[in-house]
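>>> Structure for this input, please:
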Amino acid sequence: MNIQQVLTDVVILFAGIFLALVAVYYILKTDIQRFFNLKDIELNKENRTHILPLRLQAHERLIIFTDRINPANLLVRLHQQGIGIGALQAGILNEVRSEYQHNITQQLYINSVTWNVVRKLKDDTIAMINNAVQGLPADSNGIELSKAILQHMASIDENPYDLTIELIKKDIQKMF
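Model (predicted):
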């Protein structure tokens, strides 16, 4: 046998093996794809079972946050007999910022639109408190600030705190 005959036989052998592998691949292609799809589905299902409780907890915490920064609740919690306007303002702002910082990581688990509404509600609450203080004389007390804030809240057609809680609830319902 000459070298040319051996090389021809080797090329024919490798071509046959290659064609056989290609044929096996095309025969098993759908089974291979199905296997990987099932793996992906299983992984997604496992991720959802771990993430769903975290997402629900995030929504719960944001409802609590929204309720806690509602001025009606803040004033009941923070108002003390004889408290000055500056002390009450500082206490309210500190409470709102502290609550926000405590819940800032919840944005990982909720819809970004909902998070933006929650963040805007926090900013609007701070602005409302500061505007109420600016609208009062410097010698006012905490009771006058509380009245000004509650009167402003009463003048709003739709309570933004209730609307935010409803938005959070709708966000939860989208998960199911």
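
>>> Using PDB, write out every CA atom in stretch 24-33.
The C-alpha trace of stretch 24-33 is given here as PDB (Å, rounded to 0.1, in the frame of the first residue of the first chain):
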ATOM      1  CA  VAL A  24     -26.400  11.800  15.300                       C
ATOM      2  CA  TYR A  25     -26.400  15.500  16.300                       C
ATOM      3  CA  TYR A  26     -29.400  16.200  14.000                       C
ATOM      4  CA  ILE A  27     -31.200  13.200  15.300                       C
ATOM      5  CA  LEU A  28     -30.600  14.100  18.900                       C
ATOM      6  CA  LYS A  29     -30.800  17.900  18.400                       C
ATOM      7  CA  THR A  30     -34.400  18.200  19.600                       C
ATOM      8  CA  ASP A  31     -33.700  16.000  22.600                       C
ATOM      9  CA  ILE A  32     -30.600  18.100  23.500                       C
ATOM     10  CA  GLN A  33     -32.600  21.300  23.200                       C
END
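
>>> Buried residues of that stretch, list them for me.
For stretch 24-33, the neighbour count (16 or more other Cβ atoms under 10 Å) marks no residue as buried. Where C-beta positions appear, they are placed from N, C-alpha and C, glycine not excepted.

>>> How far off centre is that stretch?
41 Å (Cα atoms, centre = their mean, to the nearest Å).

>>> Grab the longest helix from the chain for me.
Longest helix in the chain, counting residues (DSSP state H): helix 3-68.

>>> Please work out the average pLDDT along that helix.
Here helix 3-68 scores 87 as its mean pLDDT.

>>> which other helices and strands contact it?
Using 3 or more Cβ pairs under 8 Å, 6 or more residues apart in numbering; DSSP states H and E, the elements in contact with helix 3-68 are helix 85-103, helix 112-134, helix 160-173.

>>> Give me the buried positions along the shortest one.
With burial defined by 16+ other Cβ under 10 Å, the residues of helix 160-173 counted as buried are P160, Y161, T164, I165, L167, I168, D171, I172.

>>> Give me the residue at the spatial middle of the protein.
Centroid-nearest residue in the chain: I110, 2.4 Å away (criterion: Cα atoms, centre = their mean).

>>> That one and R55: what is the separation?
Applying Cβ to Cβ, to the nearest Å, the value for I110 to R55 is 7 Å.

>>> Repeat that for V6.
Distance from V6 to R55, by Cβ to Cβ: 66 Å.

>>> Check K147 too.
Counting by Cβ to Cβ, the gap from K147 to R55 is 40 Å.
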